[in-house]
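1. coordinates only, sequence not included:
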């Protein structure tokens, strides 16, 4: 299903949503303590319960800071565009200033020529001193040309001055926009740093046993997700194949020409549909080559990445341009169903599955229900399951 929001309105929506989310950091409960005479079995139960709570808290923190990071990335892109526009305006200003100087020089030369030359010949004097009708007509035509040239020189000066006034107003607006964007970026940096500091403080309060249990809980959840998404993808593929066979059988019953070829295509269509395009294959290969590199918010490579920085860099390597932030990448091509996923498709995750403006994460599908992603601060580029409750959909980039 394609949503009707344009990319930059989508990014603005993320900003509005993330401001609310970013203000709603949960009050963290202290990890539970062992009671007197706790048995080993009770300890295991307690640690698993604490680990589950810790994982939910950490995941919630990561989702919230991702929203602010995406907003930061969008504003940084906007700042870069404004800076590029300002450089172009300054280039045009320099050219217009040269044009104005040349026009003024031409006009000054005409004024000096009139001031230092012979007095202009009036129409009556020209008629009285003319030796022939031809001379009268030639003199009148010459005077008309001189006046026209003077008017043109003056008009050229006036046009250049008006153009410079417009460019000056444009430059002033661009500088104001840059100041506003820079202020928002500074505030977002502080907000991100504060949220990450809160997360680090929370993790520091956990005991070693709880941290180990939380990590084990994460691995267990990931394995369960992989198993569940594998079953779901298999069911979707089977349903798709049954539908294709049913369509082929209907064509056969209808006795249409070329049904044998259509039936064969129906049998092989599932395999063909799962094959990536050449660009998508190159993007996947690039993304997988980044495995193990650290996540760093705002980074686009080559040594560190955030989520949308990784997907953009991967497709840039494949010669396909996609936007910088995940909310804008949602509009980088046609949307595809989970059953139709192919390696190279971008998969998205949102706080509200009915609203793509709340997208906070993106990964690249690599097949078998898996994606390569740059997940969050403290982690590295890795392969993960797409089987998450916040999965909102997928896009096939077209550039």
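-> Great, that's in hand. Predicted model, so just to flag it, every value in this text is computed and none were measured. Numbers count the residues shown, from 1 in each chain.

2. So which elements touch the lengthiest strand in the chain?
-> What stands out as the longest strand in the chain, according to DSSP state E, is strand 359-367. If contacts are counted by 3 or more C-beta pairs under 8 Å, 6 or more residues apart in numbering; DSSP states H and E, strand 359-367 sits against helix 7-22, helix 40-116, helix 278-289, helix 307-317, helix 326-329, strand 346-350, strand 370-373. For the C-beta atoms, the positions are set from N, CA and C on the backbone; glycine is no exception.

3. okay if I get those as JSON lines plus distance to residue 208?
-> Shown next, in JSON lines, are the helices and strands packed on strand 359-367 (distance: least, C-beta to C-beta, whole Å):
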{"stretch": "helix 7-22", "distance to residue 208": "30"}
{"stretch": "helix 40-116", "distance to residue 208": "11"}
{"stretch": "helix 278-289", "distance to residue 208": "33"}
{"stretch": "helix 307-317", "distance to residue 208": "30"}
{"stretch": "helix 326-329", "distance to residue 208": "35"}
{"stretch": "strand 346-350", "distance to residue 208": "31"}
{"stretch": "strand 370-373", "distance to residue 208": "28"}
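
4. Point out the most buried one among the ones you listed.
-> Sort the helices and strands packed on strand 359-367 by mean neighbour count, taking mean count of other C-beta atoms under 10 Å, and helix 326-329 sits at the top with a mean of 28.

5. what sits against residue 346?
-> Going by C-beta atoms under 8 Å, 6 or more residues apart in numbering, residue 346 touches 311, 322, 329, 332, 362-365, 394-397.

6. what would the residues you listed look like in a markdown table with distance to residue 105 and pLDDT?
-> Formatted as a markdown table, the contacts of residue 346 follow (distance: C-beta to C-beta, whole Å; pLDDT from 0 to 100):
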| residue | distance to residue 105 | pLDDT |
| --- | --- | --- |
| 311 | 54 | 98 |
| 322 | 49 | 95 |
| 329 | 52 | 96 |
| 332 | 51 | 95 |
| 362 | 57 | 97 |
| 363 | 61 | 98 |
| 364 | 59 | 98 |
| 365 | 64 | 97 |
| 394 | 62 | 97 |
| 395 | 57 | 97 |
| 396 | 58 | 96 |
| 397 | 53 | 95 |
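
7. Columns distance to residue 106 on top of the residues you listed, output as TSV?
-> Below are the contacts of residue 346 laid out as TSV (distance: C-beta to C-beta, whole Å):
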residue	distance to residue 106
311	55
322	50
329	53
332	51
362	58
363	62
364	60
365	64
394	62
395	57
396	58
397	53
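
8. helices and strands around the helix or strand residue 217 falls within, which ones?
-> Here residue 217, judged by DSSP states H and E, is contained in helix 208-254. Packed against helix 208-254, as judged by 3+ C-beta pairs under 8 Å, 6+ apart, are the following elements: helix 40-116, helix 259-273, strand 382-385.

9. what's the closest of the helices and strands packed on strand 359-367 to residue 357?
-> helix 7-22 (2.9 Å; C-beta to C-beta).

10. For this protein, which helix or strand comes out least confident on mean pLDDT?
-> Across the helices and strands of the chain, mean pLDDT, DSSP states H and E gives its lowest value to helix 7-22, namely a mean of 38.

11. which one of the helices and strands packed on helix 208-254 lies closest to residue 348?
-> Comparing the helices and strands packed on helix 208-254 under C-beta to C-beta, the one sitting nearest is helix 40-116, at 11.2 Å.

12. and the closest one, average pLDDT?
-> Per-residue pLDDT values over helix 40-116 give a mean of 84.

13. What residues does the closest residue to residue 107 other than its chain neighbours make contact with?
-> For residue 107, ignoring the flanking residues on the chain, the nearest one in space by C-beta to C-beta, 6 or more residues apart in numbering is residue 153 at 4.4 Å. Residue 153 makes contact with 103, 106-107, 110 under the criterion C-beta under 8 Å, 6+ apart.

14. Give the buried residues for stretch 348-358.
-> Burial within stretch 348-358, assessed by neighbour count using 16 or more other C-beta atoms under 10 Å, is assigned to 348-351, 355-358.

15. Now render those as JSON lines, adding pLDDT and distance to residue 219.
-> JSON lines is the format used below for the buried residues of stretch 348-358 (pLDDT from 0 to 100; distance: C-beta to C-beta, whole Å):
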{"residue": "348", "pLDDT": "98", "distance to residue 219": "24"}
{"residue": "349", "pLDDT": "97", "distance to residue 219": "20"}
{"residue": "350", "pLDDT": "95", "distance to residue 219": "25"}
{"residue": "351", "pLDDT": "92", "distance to residue 219": "25"}
{"residue": "355", "pLDDT": "95", "distance to residue 219": "31"}
{"residue": "356", "pLDDT": "94", "distance to residue 219": "30"}
{"residue": "357", "pLDDT": "91", "distance to residue 219": "32"}
{"residue": "358", "pLDDT": "93", "distance to residue 219": "28"}
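
16. Tell me the one of the residues you listed nearest residue 95?
-> Closest to residue 95 out of those is residue 357 (40.8 Å), distances taken as C-beta to C-beta.

17. Do I have it right that that closest one meets residue 327?
-> Yes - using C-beta atoms under 8 Å, residue 357 is in contact with residue 327, at 6.6 Å.
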